[in-house]
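J.: Predicted model and sequence below, questions to follow.
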Amino acid sequence: MYRTHNNGQLRAADINKEVTLAGWVQKTRDKGFMVWVDLRDRYGITQLIFDEERTSKEVIEKAAKLGREFVIQVKGTVIERESKNPNMPTGDVEILVSELNILNESLTPPFTIEDETDGGEDLRMKYRYLDIRRKPVRENLIFRSKVAMAVRNYLSNEGFIEVETPYLIKSTPEGARDFVVPSRMNEGQFYALPQSPQTFKQLLMVGGLDKYFQIVKCFRDEDLRADRQPEFTQIDCEMAFVEQEDILKAFEGLTKHLLKEINGIEISEFPRMTYDEAMEKYGNDKPDIRFGMEFGELNAVAQHKDFGVFNQAELVVGIAVPGGNAFTRKEIDNLIDWLKRPQIGAMGMVYVRCNEDGTYKSSVDKFYNQEDLAKWAEATGAKTGDLICVLSGAKNKARTQLSALRMHLAEQLGLRKNTEFAPLWVVDFPLLEWDEETNRYHAMHHPFTSPKPGQLELLDTNPGDVKANAYDLVLNGNEIGGGSIRIHDKKTQALMFDYLGFTPEEAKAQFGFLMDAFQYGAPPHGGIAFGLDRLVAILGGQETIRDFIAFPKNNSGRDVMIDAPATIDQKQLEELHLKVELKS
Ligand code: ASP
């Protein structure tokens, strides 16, 4: 037996017990006549003591040679510690060692294995297995496992069954590029890795499984924006014989369960907001509602004066920044510079100080009097002491820019508290979204999403206005889940493909299997998928999903530890019938 106890286990009640422990050397203190070693494993740290008077010379000498991260096994007696450490669960005791067995030596690690390490991100990723020895990383992985387990427990109690779907498939359109895998046995042909199990879960409903879930890897070849991973995990779900309301109820239940189980927080009912309302009030389809700063539209009160910029704008829109009148001129100029950066692209910002004496001071005093500005304050809900920030221009652009400013300011003002949780459903998404690049409409969710009843006719006249049976679950400004009620008849699905620019041949080649299945009694069905990585990070009160993934990839999609992706040798290429021609 390698050990009788782990390193987080022993307490004062164990004094005088003979024990065997094993683990890694966290640190040693060598006073010549006495050596202390902190022994670490997943469960904690236990102090070992080697003492000239009570430990044999040979063992003491061996102990003096121990380096950081050596793997050792010790036998000894639990004794009371002279100077107790109340901050350590095992801090009342230490082990008086009689036998020391070095199980494996270690090179000096390239960074300290401490809660606060001296290793930079790149180095820690290269030696991720050492990083995982650090408590914060280990705890994040344990936390993730706890969340995944709570999901499985809840869903299986609710009658969902976990079904695995294949990874080597044909394209699933979820808006990204596919990762592809060449087939050795089928010359010139490729599998695609699933962007999600979308079509398979629908086929499981046709297969009569009724309630499906899977904690599953998905693969999307996207330019990696901050904190995205090319492979990520979804809690993927589907139900048959349901309407939108049934799905919202079922997965509000799951989310409530997680918030309670994991964070000890009870939330009665999640608010709901239509997509249009979210865009109007927050300029964003995943609004963070932990704080106010709702948009106030100012067209009615700011146009038709002499200020040309506003008169020409499609939308004039503002927010009241609580306590923002305290910003210095320099701070406001910095905000304006921030807005003008190409990432945001605003032309400028008009602002109004709401003075303590009830007067207003704006950057456009030439055009607007106190009475005008009071109307702005009313429309944005500004109070004395606030600052009103106003943007204008094309509707969508102005909203997006103001939304970015709202989030930026909330961050600055400390309003995005990671101990507060504000979920909400955003419903009634548009079915289609205009794509500037290809100059045509795309499915906003995916091509299997059904339009709201009776709206199909609008496709020909006002395609942008057609609403979908689609919904997102938003938590603290992040989309943590999204799904839809699906199309389940062949005719509508064919119409949809046609509308999205697939020729009947293309639709058949890519999705013939689904259309075929729909001819054999497909039940009405719908589902949702949660992004597990993000959900875990938010519940854990942290920002980056990478911290909750055991072996994440960096921003260029590389695994720097195993050094992937990598070239493959000529023989392998030949077997795959491939020839590589590098473009650059
Ligand atoms: N397959 C969708 C996604 O990955 C989710 C769904 O519609 O259920 O976003």
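T.: Done, it's in. Just so it is clear, the model here is predicted, and its values are computed rather than measured.

J.: how about low-confidence regions in the stretch 101-250 of the chain?
T.: Within the stretch 101-250 of the chain, no stretch has pLDDT under 70.

J.: State the number of residues packed around the residue of the stretch 51-200 of the chain found nearest the ligand.
T.: With CB to the nearest ligand atom, the shortest gap between the stretch 51-200 of the chain and the ligand falls at S196, namely 3.4 Å. (Each C-beta comes from the backbone N, C-alpha and C, glycine too.) Look at S196: counted by other CB atoms under 10 Å, it has 20 neighbours.

J.: Can you tell me what sits against stretch 543-563?
T.: Stretch 543-563 is contacted by residues 122, 125-129, 132, 136-137, 140-141, 143-144, 224, 226-227, 229-232, 533-534, 536-537, 540, 542, 564-565 when judged by CB atoms under 8 Å, 6 or more residues apart in numbering.

J.: pretty sure F200 is touching E164, no?
T.: No: between F200 and E164 there is no contact under CB atoms under 8 Å: 9.5 Å.

J.: With neighbour numbers in mind, choose between these two.
T.: F200 (23 against 10).

J.: Now the more buried one. Nearest residue, chain neighbours left out?
T.: T165 (3.9 Å; CB to CB, 6 or more residues apart in numbering).

J.: wait, what's in contact with the residue lying closest to Q189 once chain neighbours are set aside?
T.: Distances taken as CB to CB, 6+ apart place S183 nearest to Q189, at 4.8 Å, with adjacent residues excluded. By CB under 8 Å, 6+ apart, S183 lies in contact with 189-191, 576.

J.: Buried only: go through those residues for me.
T.: 190-191, 576 (16 or more other CB atoms under 10 Å).

J.: What parts of the stretch 101-250 of the chain come near the ligand?
T.: The stretch 101-250 of the chain comes close to the ligand at residues 174, 196, 198, as judged by CB under 6 Å from any ligand atom.

J.: Please tabulate the residues you listed in TSV and include secondary structure as additional columns.
T.: Formatted as TSV, these follow (DSSP: H, G, I helix; E, B strand; the rest coil):
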residue	secondary structure
E174	coil
S196	coil
Q198	helix
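
J.: rewinding a little: surely the residue nearest to F200 meets Q214?
T.: Yes: between T165 and Q214 there is a contact at 6.6 Å, judged by CB under 8 Å.

J.: any shared contact partners between these two?
T.: Going by CB under 8 Å, 6+ apart, residues that sit against T165 and also against Q214 are 197, 201.

J.: Mind checking which of those two has more residues around it?
T.: Q214 (22 against 18).

J.: Using PDB, write out every CA atom in whatever helix or strand the more buried one lives in.
T.: Applying DSSP states H and E as the criterion places Q214 in strand 211-219. This file holds the C-alpha atoms of strand 211-219, laid out as PDB (Å, rounded to 0.1, in the frame of the first residue of the first chain):
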ATOM      1  CA  LYS A 211     -35.400  13.400 -24.100                       C
ATOM      2  CA  TYR A 212     -31.700  13.400 -24.900                       C
ATOM      3  CA  PHE A 213     -28.600  15.100 -23.500                       C
ATOM      4  CA  GLN A 214     -24.900  14.700 -23.900                       C
ATOM      5  CA  ILE A 215     -21.900  16.500 -22.500                       C
ATOM      6  CA  VAL A 216     -20.000  16.700 -25.800                       C
ATOM      7  CA  LYS A 217     -17.100  18.200 -27.500                       C
ATOM      8  CA  CYS A 218     -17.800  20.500 -30.500                       C
ATOM      9  CA  PHE A 219     -15.300  21.700 -33.000                       C
END
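
J.: related to what we said a few turns ago, next, give phi and psi for the residue nearest to Q189.
T.: phi -100, psi 120 (degrees, to the nearest 10).

J.: Y360 reaches Y351, doesn't it?
T.: No: with contact defined as CB under 8 Å, Y360 does not count as touching Y351 (10.4 Å).

J.: Format the buried ones among the contacts of S183 as JSON lines; extra columns: secondary structure.
T.: Formatted as JSON lines, the buried ones among the contacts of S183 follow (three-state DSSP):
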{"residue": "F190", "secondary structure": "strand"}
{"residue": "Y191", "secondary structure": "strand"}
{"residue": "L576", "secondary structure": "coil"}
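
J.: ok, so of the residues you listed, who is nearest I528?
T.: Distance to I528 across the buried ones among the contacts of S183 (CB to CB) is lowest for Y191, with 26.0 Å.

J.: residue contacts, the closest one?
T.: Y191 makes contact with 168-170, 180-181, 183 under the criterion CB under 8 Å, 6+ apart.

J.: which of those residues tops the neighbour count?
T.: Going by other CB under 10 Å, I169 tops the contacts of Y191 with 17 neighbours.

J.: and that one, what are its phi and psi?
T.: Dihedral angles (degrees, to the nearest 10) for I169: phi -140, psi -160.

J.: Surely G23 is in contact with H5?
T.: No: counting by CB under 8 Å, G23 stays clear of H5, with 10.6 Å between them.

J.: More neighbours: the two, which one.
T.: Neighbour comparison, G23 and H5: the larger count goes to G23, with 26 against 18 (by other CB under 10 Å).

J.: So the more buried one versus N311, what's the distance?
T.: 72 Å (CB to CB, to the nearest Å).

J.: ok, now M185?
T.: M185 is 67 Å from N311, by CB to CB.

J.: Kindly report the same for G477.
T.: From G477 to N311 the distance is 33 Å (CB to CB).

J.: Which one of the two is surrounded by more residues?
T.: A count of neighbours by other CB under 10 Å puts G477 above the other of G477 and N311, at 20 against 15.

J.: show me the contacts for that one.
T.: G477 neighbours (CB under 8 Å, 6+ apart): 284, 286-288, 290, 407, 416.

J.: And the pLDDT for it?
T.: Note for G477: predicted pLDDT of 96.

J.: Against the ligand, how distant is it?
T.: For G477, the distance to the ligand (CB to the nearest ligand atom, to the nearest Å) stands at 18 Å.

J.: model confidence over stretch 380-400, on average?
T.: Here the average pLDDT along stretch 380-400 is 97.

J.: Which stretches in the stretch 1-150 of the chain count as strands?
T.: With strands called from DSSP state E, counting those that start in this stretch, the stretch 1-150 of the chain shows them at 18-30, 34-41, 44-51, 71-80, 93-104.
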